[in-house]
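Asks: Give me coordinates for this.
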Amino acid sequence: MKIKTGDKDVLETGSVISFGKEPVEFTLNDPLSGDMVLRLVFVDDQSKTIFEVQTELINQTTLEFRLINFNVITGIGNAEPISLGTLAGRRLFFNYRVYSLNNSDMKTIHYTFYLGEVVNG
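Replies: Predicted coordinates:
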């Protein structure tokens with residue numbers, strides 16, 4: 001099966017339930033430049049009244065999203081696909097929604113990775 005949305009190809013899409021408060025890692029295989037890791041880390045911060053996303057480039061191949069106060073049963077996610085760089089010579093985008101049940105550390109994450117246009121060089 002091949003899925004497209006507009007001119008973007010869906011590389012991978014699905015759902016995962018975190019194991020308690022453990023981070024969720026996606027490893028994307030890139031035959032051109034090596035694997036890329038996207039890590040979602042869930043943080044509860046009682047000093048903040050809203051949710052927040054902090055990003056950090058951990059190393060050359062690992063990007064971490066700290067999802068702070070993502071404790072909403074109706075779901076929280078990005079409004080537009082996020083550009084992550086390139087994968088296999090094409091632009092790579094990421095979209096997600098996180099759902100949390102009351103009184104549970106587990107998170108349900110719906111995710112989609114998209115491939116866009118070919119990038120030269």
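
Asks: Is residue 99 in a helix, a strand, or coil?
Replies: strand (DSSP: H, G, I helix; E, B strand; the rest coil).

Asks: State the pLDDT value of it.
Replies: We note a pLDDT of 96 for residue 99 in this prediction.

Asks: Ok, residue 95 next?
Replies: For residue 95, the predicted pLDDT is 98.

Asks: Run a quick neighbour tally on it.
Replies: Other residues near residue 95 come to 18 when the count uses other Cβ atoms under 10 Å. Just so you know, the C-beta spots here come from the backbone N, C-alpha and C atoms, and that holds for glycine as well.

Asks: Now do the contacts for it.
Replies: Residue 95 makes contact with 77, 78, 81, 82, 111, 112, 114, according to Cβ atoms under 8 Å, 6 or more residues apart in numbering.

Asks: The fourth one pairs with what?
Replies: Going by DSSP bridges, residue 82 is paired in beta bridges with residue 94.

Asks: Quickly note the distance from it to residue 55.
Replies: Between residue 82 and residue 55 the distance is 9 Å, computed by Cβ to Cβ, to the nearest Å.

Asks: Looking only at neighbour counts, state which of the two leads.
Replies: residue 82 (16 against 9).

Asks: In the chain, what residue spans correspond to strands?
Replies: 4-5, 8-17, 24-28, 36-43, 52-59, 62-68, 76-77, 82-87, 90-100, 107-118 (DSSP state E).

Asks: Tell me where the model's unsure across the chain.
Replies: Residue ranges of the chain with pLDDT under 70: 121.
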